[in-house]
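Participant: got a sequence here, can you build the structure:
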Amino acid sequence: MKVEMQLGSEKLSIETGKVAKQADGAVWVQYGGTVVLVTVVADDSEHDLDFFPLTVDYRERAYAGGKIPTVYGRREPRPGASEQLIARLIDHCIRPLFPKDFKAEVQVLCNVFSSDGVHPADVPALIGTSAALAISDIPFNGPVAAVTVGRVDDKLIINPTYEELHESDMELFVSGKTDAVMSVEGGGHEIPDDEVIDTIIAAHEQIREVIKLQEGLAAVVSKEKRDYKPKSVEAALSNRVRHLATSRIRESIGIADKKDREAYLEQVQADVLSEILEDSPEEIDATATKDAIAILSDIEKEEMRSAILTQGTRVDGRGVTDVRAISGEVALLPHTHGSALFTRGQTQALCVTTLGTSGDEDVQRGLDGESRRSFFLHYNFPPFSTGEVKRMMGPGRREIGHGALAEKALEPVIPDKADFSYTVRVVSEILESNASSSMATVCGATLALMDAGVPITRPVAGIGVGLIKEEDQEVILTDMLGTEDFLGDMDFKVAGTSAGVTAIQMDIKIAGVPPELMRRAIHQARDARLAVIEQMNAIIAEPREELSPYAPRIYTLQIAQQKIKDLIGPRGKTVQGLQEETNTTINIEDDGSVEIAAMSAEDVKRAEEKIRAITAMPEIGKEYTGKVVRTAPFGAFVEILPGKDGLVHISQMGDGYVRRAEDVMEVGDEVTVRILTIDEQDRVDLTLVAARGIPVEELSIESSSEREGESSGPRENRPSYRDNRRNDRRGGGRYGQRGNGRDSRERRNAPRLPRDRIR
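Facilitator: Numbers count the residues shown, from 1 in each chain. Now for the predicted structure:
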């Protein structure tokens, strides 16, 4: 079974029943020349867990783009950052749509088998995931769909190509159901808030059409959904726990400190379990204890939501639009290039900026080829930030996702490489967390960038917005806490400047959010964002004028492309020697741009002078002072530039007749010459300006016969340069050698030997 439709500029097709038929659901999705196979499988048995065991994996095969992996072993390595981010997008969209009581383990695998290098595979992967779940026997409240929206020259583009994304000033990945939006991820170059919402609405119109396509497929080939047992709790146990705990849990509302509130609730739990055990110890088992803990969690959620909806009081006592107390400082790390500590309530980020050279750029390889980034951000979330003990491992999807969101938020204000030649790396160390640590990273990174002297265009701030919704009642929360995030219905992060939005991310725990509710949320986030920026300006208002003394000094110059090999030298010896001699780092690009970096400006200047000397190009009419490296019967070779010499013919060594070059100059002499011509073979002809410091017109030129005591007559009777040229025409050759007619004709017709010179 295969269904098709036009989506954006290409045809989207979904096919099933051809491959992977043992999976619970499998679809073959093609968009342009990009093909993704999506499979879904659910375990036959359910588990008694307090979470839904869903796993989403997205993998890009190297052969999809006609490549062999470059890593050792030639197998695809563990998923890269871009693959993990796409898997995270899919997870965020589909997770809320599984029944709450369904606890069977579900695995979604998205394999990119073909890539045309034009169309990204993220949208086909999400559509394929929804279609595979829709036709399977796995309970799923779908289908859903997604599109990416770009904007080029104020025109919205559905599912833009890689090239169009590079030109776009906005990129939003939007997923949703027929009647609501499920998730949003992306950013833009300071896009006005209302334009962001209008773009999401336009994307939702396209999403509806893709859902119709999936519904048509499911109507024909969908399996009957499997049965599952909703979890039930004994009414007597529930009533007993609620009687003992409800009033006490209600008293936790208003405790501002996270650790104090957690300690209070843990004590309530211990007291309730103890009283239940005393009442009827013979009836209490492990399952009943677990059920009692679940009931306590439900009571906490109910009381928190009720206080917000009915009283407007939040867990820590704030109002629904209040932002937690903000503080910060910069330059607290003495030997870094830039540092800042940003604290909002009990969320704290230490951000550090490091400046490097183009050799420090981050290289990313994907199905669209290789790209280099001169700005990137890394986010670390150690377990002590939440008072926990956990195994320290590499960054997970959460860390990669939060870092990518903060990086996207800051990217529009980072100066172009042409204006600021440094590679910029920001690292965020979360020291304390109680929600919205990614938005604290945005604020702290902005301060650290300005402390390092990076000329950002405007400060960027981020804020997290939540939602509590019960039927017709709904309240939007500004600056969420961790408990409000966990027990609430939406996590809406918005980052931007005073001019507009630079990054946005929305995850929900309910079956969708209408666009108008999102519009209210983004306006509320804007008010809070502007207030945060005002407080950040009180810490540091603009980038520092001077870089840190510990930051490298970078100078960029341009050389001719044909001189690159001269600067590099055989096996890199020339450039390596320069780096050691001048204590610098030198990076050479294919276009001839050369970047010199050092800790002192003096070292940079020394390296620049040497590079210019090595790569200088001779210019006609320009005078040079150089050493005579070799003499010949017809003239002398003078090194005018390092590794570059030219010929001074004896006819160009004075006004009179010169019998030998040694009469005017010897090997090792410094002479001043002027370039007459440069031929197609890059050979240089010179004329003498001065030898031994004496101008040509003042030179006393003696022939060898005069030195032997034989007078050659007065200077005016000596053969002139014109006579010498006449002799050449009569058969003496280019270098003034005389001979009979036959010999001269043979010389003229013979192949010209190349000059012996150093290139």
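Participant: confirm residue 550 sits in a strand?
Facilitator: No - counting by DSSP: H, G, I helix; E, B strand; the rest coil, residue 550 is not part of a strand but coil.
Participant: look up how far residue 41 lies from residue 506.
Facilitator: From residue 506 over to residue 41 the distance is 29 Å, taken as CB to CB, to the nearest Å. All C-beta spots, glycine's among them, are computed from the backbone N, C-alpha and C.
Participant: what does residue 257 give?
Facilitator: Using CB to CB, residue 257 is found at 45 Å from residue 41.
Participant: tell me which of those two has more neighbours.
Facilitator: Higher neighbour count among residue 257 and residue 41: residue 41, with 19 against 13, using other CB atoms under 10 Å.
Participant: what's the next secondary structure element after the helix or strand harbouring residue 198?
Facilitator: Using DSSP states H and E, residue 198 sits in helix 193-221. Downstream of helix 193-221, the next assigned helix or strand under DSSP H and E is helix 235-250.
Participant: counting by contacts, list what that following helix packs against.
Facilitator: helix 258-279, helix 286-306 (3 or more CB pairs under 8 Å, 6 or more residues apart in numbering; DSSP states H and E).
Participant: what's the closest of the ones you listed to residue 393?
Facilitator: Ranking the helices and strands packed on helix 235-250 by proximity to residue 393 (CB to CB) places helix 258-279 first, at 24.6 Å.
Participant: quick one on the thing from earlier: out of the helices and strands packed on helix 235-250, which gets nearest to residue 450?
Facilitator: Evaluated with CB to CB, these place helix 258-279 nearest to residue 450, the distance being 29.8 Å.
Participant: now the angle between helix 235-250 and the closest one, please.
Facilitator: Orientation of helix 258-279 against helix 235-250 (axes from the mean of the first three to the mean of the last three CA atoms, to 10 degrees) gives an angle of 150 degrees.
Participant: quick check: bridge partners of residue 171?
Facilitator: Beta bridges link residue 171 to residue 150, residue 187 when assigned by DSSP bridges.
Participant: that one: how many residues sit nearby?
Facilitator: Neighbours around residue 171, by other CB under 10 Å: 20.
Participant: now residue 64: how far from residue 466?
Facilitator: Counting by CB to CB - residue 64 and residue 466 are separated by 39 Å.
Participant: comparing these two, which residue is more hemmed in?
Facilitator: residue 466 (25 against 21).
Participant: my read is that residue 233 contacts residue 293, right?
Facilitator: No - counting by CB atoms under 8 Å, residue 233 stays clear of residue 293, with 11.0 Å between them.
Participant: overlap in contacts, those two.
Facilitator: The contact sets of residue 233 and residue 293 do not overlap (CB atoms under 8 Å, 6 or more residues apart in numbering).
Participant: all strands of the stretch 51-200 of the chain, in order?
Facilitator: In the stretch 51-200 of the chain, the segments counted as strands under DSSP state E, counting those that start in this stretch are 54-60, 104-114, 145-152, 155-158, 170-176, 181-191.
Participant: now the helix or strand hosting residue 631: average pLDDT?
Facilitator: Assigned by DSSP H and E, residue 631 belongs to strand 623-632. Averaged across strand 623-632, the pLDDT comes to 90.
Participant: give me the contact list for whatever helix or strand comes next after that strand.
Facilitator: Toward the C-terminus, strand 623-632 is succeeded by strand 635-641 as the next helix or strand (DSSP H and E). Applying CB under 8 Å, 6+ apart, the contact partners of strand 635-641 are 613, 616, 618, 624, 626-631, 645-650, 652-653, 661, 664-665, 671, 673, 675, 684, 686, 735, 755-758.
Participant: can you check stretch 233-245 too?
Facilitator: 268-269, 271-272, 275-276, 279, 288, 291-292, 294-296, 299.
Participant: mean confidence score for that stretch?
Facilitator: Stretch 233-245 comes out at a mean pLDDT of 88.
Participant: contact partners for residue 12?
Facilitator: Counting by CB under 8 Å, 6+ apart, residue 12 touches 4, 5, 6, 29, 30, 31, 124, 127, 210, 213.
Participant: now do residue 361
Facilitator: By CB under 8 Å, 6+ apart, the neighbours of residue 361 are 372, 373, 374, 423.
Participant: switch the cut-off to 10 Å
Facilitator: Neighbour list for residue 361: 371, 372, 373, 374, 375, 376, 417, 423, 424, 425, 587 [criterion: CB atoms under 10 Å, 6 or more residues apart in numbering].
Participant: what subset of these is buried?
Facilitator: Taking 16 or more other CB atoms under 10 Å as the criterion, what is buried in the contacts of residue 361 is 374, 375, 376, 423, 424, 425, 587.
Participant: just put these in TSV and tack on pLDDT, distance to residue 393 and secondary structure.
Facilitator: Converted to TSV, those look like this (pLDDT from 0 to 100; distance: CB to CB, whole Å; DSSP: H, G, I helix; E, B strand; the rest coil):
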residue	pLDDT	distance to residue 393	secondary structure
374	93	29	coil
375	96	26	strand
376	96	21	strand
423	94	27	strand
424	96	27	strand
425	97	21	strand
587	90	33	strand
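Participant: out of those residues, which comes closest to residue 384?
Facilitator: residue 425 (23.4 Å).
Participant: please report how far the closest one lies from residue 336.
Facilitator: 11 Å.
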